[in-house]
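Chemist: Got a predicted structure plus its sequence, pasted below:
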Amino acid sequence: MEIKSLISEDYFVLEDEATLSEFIGKMTKLEKRSALIFRKKKYMGLIEKKRLLKSNIDTTKSKLKNFIEKTPIVNEDADLIETANLMYKSNVSYLPVEKNKTIFGVLTSLGLARAITSLPEIKNIKVEDIKLIKPKRVNLDATVSNVMSAMHQENIDHLPLFENGKLSGIITFKDLLRGYMNWSPKRDSSAKFNAGARSIVEDLPKIGALPINNFSTNDNILEINPGEKLSKAIDLMLKNGVSDLVVKDDDNYLGLLTLNNIFKKVGKLKFVKNFDVNFIGLKDIGLMPHQKYSLKKIIDQEAVKLQRKINDEIFIQLHLKKHDKGGKEKFSVHLKVEFLGKMIASNQEDWDLETAIKKAFNIAQSTAEKKFN
């Protein structure tokens, strides 16, 4: 399965010389969770709200370029499992997505998690099969500043809170941003807030000294048993829009199940390639060695997607031709796919060989999907 259907527009764009106050104001007004940062037209990285959990930031002076998270750019045709591995290694909630070398959307961690539940490879995986995060224990009476430092150091979105050694609450980075940075839906249209973040800076010392239980959730904590299916845990995350769950065995707290560690597990899944590709005419179209390598890599990616839909051994024949159309080169692709005694065929033409191949495979994938759904 590819990520194309998961691409979102839940982001906005800022220049790296913009200030954090501009970022906060725009993010509040637009109800977006992340920003892509550019220097002129060059993508530099992204800014996530959870990276701002520091108590010594002057938002009116601090430039975004000092808070940029560098990330890879994923192609819209990328495979689900390789993207999960990329999301894990990047340790971000968003990845920019490109098409024809232009960024046009983002892939969210929750969107990726939703798609992962459809993978047959995770059907029998349980919560206990995923490595849990066990952050340093913090008491319910700790100050906001101490909790912010702990979340920043642990690089987590949720932090369990304890009282007399027993789990008593949980704090999220959303809770902190709402309380610590005046992050409230009622203020989304506030002229005072959107005029700047000076009031935020002035309030920091007062709020930072408050006990964390002023902001934490102490009832209805989202929990999951280690013996439950991973798919159930992901469904619970999606339903509540969270990226972490508390894992408990009866009353025994075991740790946090995070999306990032789920992606780590999924990224390591072994997909057995069960297809064979036969080329006709590849030598006749005059490709350079590096072009042949790139072309075969694309075909391999497309064949993996097709095999996932058919879920059986497939035999692929690709007949490639180059035509002279008024002094310009045009390519035709004739694709045949045999499986389970059946055959799918598709023919496509384009001035770009890669585009023609992708179009042919897209038709084959759509046809296979209809046959098996």
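Modeler: In hand now; what should we look at?
Chemist: going forward, measure contacts between C-alpha atoms and count neighbours the same way
Modeler: Fine.
Chemist: just how off-centre is the top helix by length along the chain within its chain?
Modeler: Determined from DSSP state H, the single longest helix within the chain is helix 289-310. When distances are taken as CA atoms, centre = their mean, to the nearest Å, helix 289-310 is centred 23 Å away from the chain's centroid.
Chemist: for stretch 246-256, same thing?
Modeler: 26 Å.
Chemist: what's the answer for stretch 241-259, then?
Modeler: Averaging C-alpha positions (CA atoms, centre = their mean) puts stretch 241-259 20 Å from its chain's average.
Chemist: Look at it and report the distance between its end residues.
Modeler: Start-to-end span of stretch 241-259 (CA to CA, to the nearest Å) is 11 Å.
Chemist: again, but for stretch 218-234
Modeler: End-to-end distance for stretch 218-234: 22 Å, by CA to CA.
Chemist: Mind listing residues that contact that stretch?
Modeler: Contacts to stretch 218-234, defined as CA atoms under 8 Å, 6 or more residues apart in numbering, come from residues 113-114, 117, 122-128, 168-170, 245-250.
Chemist: go with 6 Å
Modeler: 117, 125-128, 168-169, 245-249 (CA atoms under 6 Å, 6 or more residues apart in numbering).
Chemist: Kindly report the same for stretch 60-70.
Modeler: Residues from elsewhere that reach stretch 60-70 (CA under 6 Å, 6+ apart): 16-21, 45-47.
Chemist: For residue 117, what are phi and psi?
Modeler: Here is the backbone geometry of residue 117 (degrees, to the nearest 10): phi -60, psi -20.
Chemist: could you list every residue that touches it?
Modeler: Neighbouring residues of residue 117 by CA under 6 Å, 6+ apart: residue 231.
Chemist: Against residue 232, how distant is it?
Modeler: According to CA to CA, residue 117 and residue 232 sit 9 Å apart.
Chemist: What of residue 70?
Modeler: Using CA to CA, residue 70 is found at 32 Å from residue 232.
Chemist: circling back: right, and the helix or strand after the longest helix of the chain?
Modeler: Downstream of helix 289-310, the first helix or strand assigned by DSSP states H and E is strand 314-325.
Chemist: pLDDT value on residue 69, please?
Modeler: Per-residue pLDDT puts residue 69 at 86.
Chemist: Count the residues that sit near it.
Modeler: Residue 69 has 17 neighbours, counted by other CA atoms under 10 Å.
Chemist: Angles on the backbone of it, please.
Modeler: Residue 69 adopts backbone torsions of phi -100, psi 120, taken as degrees, to the nearest 10.
Chemist: surely residue 321 meets residue 332?
Modeler: Yes. With contact defined as CA atoms under 6 Å, residue 321 counts as touching residue 332 (5.3 Å).
Chemist: just the strands in the stretch 201-350 of the chain please.
Modeler: When assigned using DSSP state E, counting those that start in this stretch, the strands of the stretch 201-350 of the chain occupy the ranges 223-224, 244-249, 252-258, 275-280, 314-325, 328-339, 342-350.
Chemist: Residue 118: what's it in contact with?
Modeler: Contact analysis of residue 118 by CA under 6 Å, 6+ apart lists nothing.
Chemist: Check what pLDDT the nearest residue to residue 223 once chain neighbours are set aside gets.
Modeler: With sequence-adjacent residues excluded and distances taken as CA to CA, 6 or more residues apart in numbering, residue 223 is closest to residue 246, at 4.7 Å. For residue 246, the model assigns a pLDDT of 94.
Chemist: Could you number the chain from 181 rather than 1 from now on?
Modeler: Taking 181 as the first residue, the last one we looked at is residue 426.
Chemist: does residue 426 have beta-bridge partners, and which?
Modeler: Judged by DSSP bridges, the bridge partners of residue 426 are residue 403, residue 436.
Chemist: okay but it is in contact with residue 433, surely?
Modeler: No. Judged on CA under 6 Å, residue 426 makes no contact with residue 433 at a distance of 7.6 Å.
Chemist: Of those two, give the one with the bigger neighbour count.
Modeler: residue 426 (23 against 16).
Chemist: now residue 411: how far from residue 351?
Modeler: Taking CA to CA, one finds residue 411 at 24 Å from residue 351.
Chemist: quick one, which of those two is more surrounded?
Modeler: Neighbour count, other CA under 10 Å: between residue 411 and residue 351, residue 351 has more, with 24 against 21.
Chemist: Mind telling me what element that one is part of?
Modeler: Element membership for residue 351, per DSSP H and E: strand 346-352.
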